[in-house]
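K.L.:
build me a structure from this.
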Amino acid sequence: MSDIYSIITDIAKIIGININETGIIYEYEIVTKIYDKIDNIVCHQIHKEKDKITYIKKFTEHNVTEKQYFILKNIKDVYDTFNIFINDSYYDSPILFKNLQRVKQEETHFLKHYKNKPGYFYMGLYTNNNDDEYHIYVKKNKEENYNEYIVE
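P.N.:
Just a heads-up that it's a prediction; the model follows:
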């Protein structure tokens, strides 16, 4: 578990978020309003309890809540979790602007790209309607307070 936690803290440094040591180690909530009325709420949480780390995503719309929950067992699980968070919360993401869809990757292929750009978080392989493929990387520029992307 300590390996998973260290991966989480490394990613947190890259994308500019703070992580706690125990309990709910990370939580972020996105509230969408339409004309001052709440339309939906998305809450991301990462929990560290004893020998396991879990991710929970709660989506509430019209007083109905759906949950995603899974245990983080390896580096790909951790990266998939942060990918969900970044897709929901990074308003400047090229994924949103280009309407890209993530392509599932096997762990060996994923790890090759993870190591390709040190200091960047590898968001994965994406494709558009024309079947063009893009590898996307991101990191937080803390001095200028914006996200830097590499799209290849």
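K.L.:
excluding chain neighbours, what is closest to Phe82?
P.N.:
Ile11 (5.4 Å; Cβ to Cβ, 6 or more residues apart in numbering). The way it works is simple: take the backbone N, C-alpha and C, and place the C-beta from them, glycine included.
K.L.:
quick one: secondary structure of the one you found?
P.N.:
helix (DSSP: H, G, I helix; E, B strand; the rest coil).
K.L.:
distance check, it against Phe121.
P.N.:
6 Å (Cβ to Cβ, to the nearest Å).
K.L.:
which of those two has more neighbours?
P.N.:
For Ile11 versus Phe121, the count of surrounding residues by other Cβ atoms under 10 Å is larger for Phe121: 23 against 20.
K.L.:
quick one: contacts for that one?
P.N.:
If you count contacts by Cβ atoms under 8 Å, 6 or more residues apart in numbering, Phe121 has them with 11, 14-15, 79, 82, 86, 137-139.
K.L.:
out of the residues you listed, list just those in strands.
P.N.:
137-139 (DSSP state E).
K.L.:
the residue nearest to Phe82 reaches Tyr79, doesn't it?
P.N.:
Yes - between Ile11 and Tyr79 there is a contact at 7.4 Å, judged by Cβ atoms under 8 Å.
K.L.:
which one of the contacts of Phe121 sits closest to Ile30?
P.N.:
Closest to Ile30 out of those is Ile86 (11.8 Å), distances taken as Cβ to Cβ.
K.L.:
doesn't Thr108 lie inside a helix?
P.N.:
Yes - the assignment for Thr108 is a helix, going by three-state DSSP.
K.L.:
now it: how far from Ile7?
P.N.:
17 Å.
K.L.:
which of the two has more neighbours?
P.N.:
Ile7 (18 against 8).
K.L.:
the more buried one: which element?
P.N.:
Taking DSSP states H and E as the definition, one finds Ile7 inside helix 2-15.
K.L.:
mind listing what's buried in that helix?
P.N.:
With burial defined by 16 or more other Cβ atoms under 10 Å, the residues of helix 2-15 counted as buried are 4-5, 7-8, 11-15.
K.L.:
ok, stretch 108-122 next?
P.N.:
Result for stretch 108-122 [16+ other Cβ under 10 Å]: buried residues 110, 113-114, 120-122.
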